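Novice: Structure for this input, please:
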Amino acid sequence: MGVDKEAEIDRLPTDLLAHIFALITCFRDLAEASGVCRKWRKGVRQSLARRERLSFAGWKMDDDSTTRLVLHAYNLRELDISRSRWGCQITDVGLHQISSAKCISNLTSISLWGMTGITDQGVVQLISRTTSLQHLNIGGTFITDESLFAIADSCPHLKTIVLWSCRHVTESGLLVLVNKCGKLESINLWGTRVPLDCFIRLLAINPTLQIKPEGLMQSIGRVWPLH
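Specialist: Down below sits the predicted model:
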């Protein structure tokens, strides 16, 4: 083979390269592929633009690396940046940056589970643009009612929300959330500090609401018959 002969893979059109890169789940490999040449970089960007789901769970990501990927994922519908044992370290800075992505208003599912580096400031900035959101997991964070108020105002299509161990939310925030999110079907309140009376008030607003864990529903049933 002559030294000037083009490598076989370099003959592939960019669209086909993008299809191949879309099969890669390791973001480190995508970053390395993007650095090979201009054509590969274009292929990587096209592959990101085609993705409808991105999950950073299990990867060591920071604000800038996460933002770079999300900004190119124009057709994204599901975004998972849950914390893992390796530590996906996203902060309010990252949420602010991500909120400017074109895909945000089309997202139907977001998971921020266990992201202890975020606060109401970042969550409110992000949620204010997620008008299509149906499923939100924000359990294991330190959010307060301020985030719940923003969710209630910005997410009219919300169906499920996980507030697992969100110990700074109160009855006031939950009542506003359930009252404004008329399509809400399920809410996970395990580990919160709200009293049992609050759950009864939530069911008074939305009698079909599923409050998790299931043991809560049984406790409520003993105090206030559900049927």
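
Novice: And D92, how far from L136?
Specialist: Distance, D92 to L136, by Cβ to Cβ, to the nearest Å: 17 Å. All C-beta spots, glycine's among them, are computed from the backbone N, C-alpha and C.

Novice: Settle it for me: which of these two has more neighbours?
Specialist: L136 (25 against 18; other Cβ atoms under 10 Å).

Novice: Which strand or helix spans the more buried one?
Specialist: Applying DSSP states H and E as the criterion places L136 in strand 135-137.

Novice: Using PDB, write out every CA atom in the helix or strand following that strand.
Specialist: For strand 135-137, the following helix or strand on the C-terminal side (DSSP H and E) is helix 145-154. Taking C-alpha atoms only, helix 145-154 is exported to PDB below (Å, rounded to 0.1, in the frame of the first residue of the first chain):
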ATOM      1  CA  ASP A 145     -39.800  24.600  47.600                       C
ATOM      2  CA  GLU A 146     -38.300  27.100  45.300                       C
ATOM      3  CA  SER A 147     -37.600  24.400  42.700                       C
ATOM      4  CA  LEU A 148     -41.100  22.900  43.200                       C
ATOM      5  CA  PHE A 149     -42.600  26.300  42.400                       C
ATOM      6  CA  ALA A 150     -40.600  26.500  39.200                       C
ATOM      7  CA  ILE A 151     -41.600  23.000  38.200                       C
ATOM      8  CA  ALA A 152     -45.200  23.800  38.900                       C
ATOM      9  CA  ASP A 153     -45.100  26.900  36.700                       C
ATOM     10  CA  SER A 154     -43.000  25.500  33.800                       C
END
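
Novice: Just checking: what are the partner strands of the next helix or strand after helix 145-154?
Specialist: Per DSSP H and E, helix 145-154 leads on to strand 160-162 as the next helix or strand towards the C-terminus. Applying DSSP bridges, strand 160-162 is found paired with strand 135-137 (parallel), strand 186-188 (parallel).

Novice: deepest of the ones you listed, which one?
Specialist: strand 135-137 (a mean of 21; mean count of other Cβ atoms under 10 Å).

Novice: quick check, L54 in a helix?
Specialist: No: L54 is assigned strand when assessed by DSSP: H, G, I helix; E, B strand; the rest coil, not a helix.

Novice: Next, count neighbours for it.
Specialist: Neighbour count of L54, defined by other Cβ under 10 Å: 18.

Novice: Now do the contacts for it.
Specialist: When contacts are counted by Cβ atoms under 8 Å, 6 or more residues apart in numbering, L54 touches 69-70, 73, 76, 78-80.

Novice: V124: which of these is nearest?
Specialist: Among the contacts of L54, L79 lies closest to V124 (Cβ to Cβ), at 16.8 Å.

Novice: So W40 belongs to a helix, correct?
Specialist: Yes: judged by three-state DSSP, W40 forms part of a helix.

Novice: How much space separates it from A33?
Specialist: Distance from W40 to A33, by Cβ to Cβ: 5 Å.

Novice: helix, strand or coil for the residue nearest the centre of the chain?
Specialist: Centroid check for the chain by Cα atoms, centre = their mean gives I110 as the closest residue, at 1.9 Å. When classified by three-state DSSP, I110 comes out as strand.

Novice: I figured it was touching L76, is that so?
Specialist: No: in this structure, I110 is not within contact of L76 by Cβ atoms under 8 Å, at 10.2 Å.

Novice: Next, the contact list for W40, please.
Specialist: Per Cβ under 8 Å, 6+ apart, neighbours of W40: 17, 33-34.

Novice: mind putting the residues you listed in TSV, distance to M61 and neighbour count included?
Specialist: Below are these laid out as TSV (distance: Cβ to Cβ, whole Å; neighbours: other Cβ atoms under 10 Å):
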residue	distance to M61	neighbour count
L17	24	20
A33	17	19
S34	16	19
